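[1] any chance you can model this:
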Amino acid sequence: MMTNLFSIFDPSTTIMNLSLNWLSMLTGLMFVPFMYWFSPNRFSWLWFKMINILHLEFKILLNNNKSGLTLTMITLFSMIMMNNFLGLFPYIFTSTSHIASNISIALPLWITFMLYGWIVNYNHMFVHLVPQGTPAVLMPFMVCIETISNIIRPLTLTVRLTANMIAGHLLLTLLGNTGPMMNLITINGLISTQFTLLVLEGAVAIIQAYVFAILITLYSSETY
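    Next up, the predicted model:
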């Protein structure tokens, strides 16, 4: 039962033993109208308005330093949000529901920030290992705790995004599998519930992309 249930997240479309499901990470570009790139319209105005709001918020988190890094975070947010949304459509592979996909995003960014911090600003990185006001007796323990919490950051980012995307999809799948066993009256309630959950999953797709980008930004702000 559980194997069949989780098999909806497994790559299955292959040609010559080459998985094609991961190409869904690029299919989001097909949904962008061509006129978006050439002339102003309502869609581009709305998108640029959202990007400007994110830019200002990321800039505040970075203490108005390294403002060029906001472009990376906005791109990260856009990519994750688009992949989350695409996973809500039928027969489209949800790449963000796989740990392999999410860890490949979180781990390189975390390693880059850590290398930059320890090479360029190592005194500041050492200061972060001991919170201000910590008694001298507890300092060795705080260093161990802070070091462990720092090391597991990419894992927590990955598991948070993966678990939230899987939970909603599993709930929709479980409710959908009960449809053939229902009568005409109860199935109308099921359809209403599924529609409500689908709207909720759309909100989750935006929120999880935003949380991922915000946490990466906060982690980067600790390196200088």
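
[2] pLDDT below threshold where in the protein?
    1-22, 24, 28-29, 31-40, 64-67 (pLDDT under 70).

[3] what about the strands in it?
    14-15, 18-19 (DSSP state E).

[4] list the contacts for residue 139?
    Counting by C-beta atoms under 8 Å, 6 or more residues apart in numbering, residue 139 touches residue 130. (C-beta placed from N, C-alpha, C; glycine too.)

[5] for it, give its distance to residue 129.
    Between residue 139 and residue 129 the computed distance is 9 Å (C-beta to C-beta, to the nearest Å).

[6] packing partners of whichever helix in the chain runs longest?
    When the chain is parsed with DSSP state H, its longest helix is helix 184-221. Counting contacts by 3 or more C-beta pairs under 8 Å, 6 or more residues apart in numbering; DSSP states H and E, helix 184-221 packs against helix 42-61, helix 69-86, helix 99-120, helix 153-177.

[7] got the CA positions of the second one in CSV?
    This means helix 69-86. Coordinates of each C-alpha in helix 69-86 appear next as CSV, following Å, rounded to 0.1, in the frame of the first residue of the first chain:
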residue,chain,number,x,y,z
LEU,A,69,22.8,38.9,-4.0
THR,A,70,19.0,39.7,-4.0
LEU,A,71,19.0,38.8,-7.7
THR,A,72,20.1,35.3,-6.8
MET,A,73,17.5,34.9,-4.1
ILE,A,74,14.7,36.2,-6.4
THR,A,75,15.8,33.7,-9.1
LEU,A,76,15.8,30.9,-6.5
PHE,A,77,12.4,31.9,-5.2
SER,A,78,11.0,32.0,-8.8
MET,A,79,12.4,28.6,-9.7
ILE,A,80,11.1,26.8,-6.6
MET,A,81,7.7,28.5,-6.8
MET,A,82,7.3,27.6,-10.5
ASN,A,83,8.3,23.9,-9.9
ASN,A,84,5.9,23.8,-6.9
PHE,A,85,3.0,25.1,-9.0
LEU,A,86,3.8,22.8,-12.0
